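Trainee: got a sequence here, can you build the structure:
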Amino acid sequence: MHGQSTLHNDCDRRSGTSHRSVRHRNTWAYVMVGPYLVSVTLFFVVPFILAVPVSLTNWSIIGRPSFVGLDNYIRLFNDSSVLQALWNTVRYVLMQVPSLMVIGLGLALLLNTRLKGRTLARVVVVMPYVVNVVVMGIIWRWMFDPNFGIINHYLRRLGLSGSWWLTDTSTSMLSIVIANWWWSAGFNTVVYLAGLQGIPRELYEAAAVDGATGWVAFRHVTLPCLRPVTFYVLLMDTITSFQLFGEPFVMTQGGPLGSTTTLTYKIYNSAFIELKLGYASAISVLFLAVISALVLLQSRVVKSGID
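Mentor: Numbers count the residues shown, from 1 in each chain. Sure thing, here's the model as predicted:
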């Protein structure tokens, strides 16, 4: 009996210690996540909550806002510039996200091999991602210059005619996509590389025993194991692409002929150039509704595929 009592007391002490340890870890988790949650609340949640009532008014910063009900929403659905900005945003997402995922996965596969100098190669791939978007935009604006840009220079040396790139409606959005390949591929590469290094070697060894090597092993081992990583990359790339603003602001100023004006750029113009805060808030609410619906739909489709 005494032994059982001692055992129970020891278990209770261990249980109490375990609970205190869990509480301690949870406390530190909240401390670490706290600043991020505060910043998200202040700069995303609060502005959106304030944007909803402002979207029901006619307000130009100067003076008091006047209530107009749903007039701003009715107007934006009949505004060709808003519809063009929405299409430009969707078009950019469709061009950017799949290509960037393929580039990131390809670079990760390359850097996951026994490549000589792969440590330096990893640094080179990731380095552009830390560059400020304004600096990136200026660099690529120079590179795409039709007269003095390095891209047209090498195209002409290859016997090809150069392009007007940023000033041609048919290539302006493609130019921004190409610039973002250089700038954003490092993020996808790092995430995919972490996923590749987390795949157990035993799976490849078992596949090799069954005669599955190369492309077959990639299809039946690598890709299935990377599904959660792919879902994360797809989600993050989609959200980031919908927020496109800095690149067209620096490289094209939304032109030519509005071909690179995205929803975020349209919101900026409406609020700070045209001083129509009520109308800009209505576009912001539409923007958040569109991106939320697409992300939820994407999550359901991808998760059903993973399950």
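
Trainee: as CSV, could you dump the C-alpha coordinates of stretch 109-127?
Mentor: Extracted in CSV, the C-alpha atoms of stretch 109-127 (Å, rounded to 0.1, in the frame of the first residue of the first chain):
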residue,chain,number,x,y,z
LEU,A,109,15.5,19.5,-57.0
LEU,A,110,18.7,20.8,-58.4
LEU,A,111,20.0,22.1,-55.1
ASN,A,112,19.0,18.9,-53.3
THR,A,113,21.5,16.9,-55.4
ARG,A,114,25.3,16.5,-54.7
LEU,A,115,25.9,19.6,-56.8
LYS,A,116,29.4,21.1,-56.4
GLY,A,117,29.2,24.5,-54.8
ARG,A,118,25.5,24.0,-53.9
THR,A,119,25.9,26.0,-50.7
LEU,A,120,26.9,29.0,-52.7
ALA,A,121,24.1,28.3,-55.2
ARG,A,122,21.5,28.3,-52.5
VAL,A,123,22.7,31.7,-51.3
VAL,A,124,22.6,33.0,-54.9
VAL,A,125,19.0,31.7,-55.4
VAL,A,126,17.7,33.1,-52.1
MET,A,127,19.6,36.5,-52.2
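
Trainee: report the distance from it to the chain centre.
Mentor: Distance of stretch 109-127 from the chain centroid (Cα atoms, centre = their mean, to the nearest Å) equals 23 Å.

Trainee: so Gly159: helix, strand or coil?
Mentor: coil (DSSP: H, G, I helix; E, B strand; the rest coil).

Trainee: so what pLDDT did it get?
Mentor: For Gly159, the model assigns a pLDDT of 89.

Trainee: measure it to Ile178 for me?
Mentor: From Gly159 over to Ile178 the distance is 21 Å, taken as Cβ to Cβ, to the nearest Å. For the C-beta atoms, the positions are set from N, CA and C on the backbone; glycine is no exception.

Trainee: give the buried residues for the strand or helix carrying Tyr204.
Mentor: Per DSSP states H and E, Tyr204 falls inside helix 201-209. Buried residues in helix 201-209, counting neighbours by 16 or more other Cβ atoms under 10 Å, are found at Ala207.
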